[in-house]
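With the input below, show me the fold.
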Amino acid sequence: MMENDDDVSLFDAEEDVGTKSKKTIKHPLASFFHLFFRVSAILVYLLCKFFSSSFIAPMVMVILLLSCDFWTVKNVTGRLMVGLRWWNRVDDDGGNHWVFESRKGSGKKQLVSDSESRIFWLGLIVCPILWGIFAFSALFSFNIKWLPVVIMGLVLQGANMYGYVRCRVGGKTSLKNMATNYFGRQFLKQALSKEGES
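Just a heads-up that it's a prediction; the model follows:
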């Protein structure tokens, strides 16, 4: 069976841009599942000690929810809610190529609603931060049995966050260069404002 990736459109061409307000949620099901798996994994992790003395069942549940979240965010909600997509392509020589793609809007029509964008980025950034806090908490409280699960949550959600941030700033731009440019501009602004005051 031969696959031809070049003929497949990454974004649906027939998506209705219409004249909908930027504040409406165009994809309520995608928005729901974007947050559902993330929040459910966190709630199961936090509340499992109160409802069960078992470790295996909550661990499996958290891992399944994190896996569903990773797949949903990477393959569905990123494309629908903010028009971004990333993936890894392996060529015939065995080389890895990371692809970061951003859908371009046509004219003044905005394909992404502000509400969906806020929901997407809020969920994408807050949840890995929470898993990072859980990792430090598990490490410092010597709750070692939960540490691999928490690290898995941090890695899966951190990978999605990294991929979408790279899509947002441009796949060819390294994050180190972006940070250096940002701090350089801030330093220059500060130097110029001090010079203007004197």
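
Spatially central residue for this structure, please.
The centroid of the chain falls nearest to Met161 when counting by CA atoms, centre = their mean (3.4 Å).

just checking, what's the longest helix in the protein?
Longest helix in the chain by number of residues (criterion: DSSP state H): helix 114-140.

Who are the packing partners of that helix?
Where contact means 3 or more CB pairs under 8 Å, 6 or more residues apart in numbering; DSSP states H and E, helix 114-140 is packed against helix 28-51, helix 147-169. Backbone N, C-alpha and C define where each C-beta goes, glycine included.

Direction-wise, compare that helix with helix 147-169 and give the angle.
For helix 114-140 against helix 147-169, the angle by axes from the mean of the first three to the mean of the last three CA atoms, to 10 degrees is 150 degrees.

where does this protein have low pLDDT?
Where the chain drops to pLDDT under 70, the residues are 1-23, 105-111, 171-184, 186-188, 191, 194-198.

ok but Ile25 is inside a strand, no?
No - Ile25 is assigned coil when assessed by DSSP: H, G, I helix; E, B strand; the rest coil, not a strand.

quick one on the thing from earlier: among the helices and strands packed on helix 114-140, single out whichever gets nearest to Gly95.
Of all the helices and strands packed on helix 114-140, it is helix 147-169 that lies closest to Gly95, at 18.4 Å by CB to CB.

Pull the distance from the closest one to the chain's centre.
Put simply, helix 147-169 sits 7 Å off its chain's centre (CA atoms, centre = their mean, to the nearest Å).

Please apply the same query to stretch 128-142.
Centroid separation for stretch 128-142 versus its chain: 19 Å, with CA atoms, centre = their mean.

And for stretch 79-89?
Taking mean C-alpha positions (CA atoms, centre = their mean), stretch 79-89 and its chain are 10 Å apart.

Can you give me the buried ones in that stretch?
Neighbour-count burial for stretch 79-89, counted by 16 or more other CB atoms under 10 Å, picks out 79-86.

How about stretch 131-138?
131-132, 134-135, 138.

cool, stretch 51-60 as well?
For stretch 51-60, by 16+ other CB under 10 Å, it's 58-59.

distance between that stretch and the chain's centre?
Centroid displacement of stretch 51-60 relative to its chain, using CA atoms, centre = their mean, is 27 Å.
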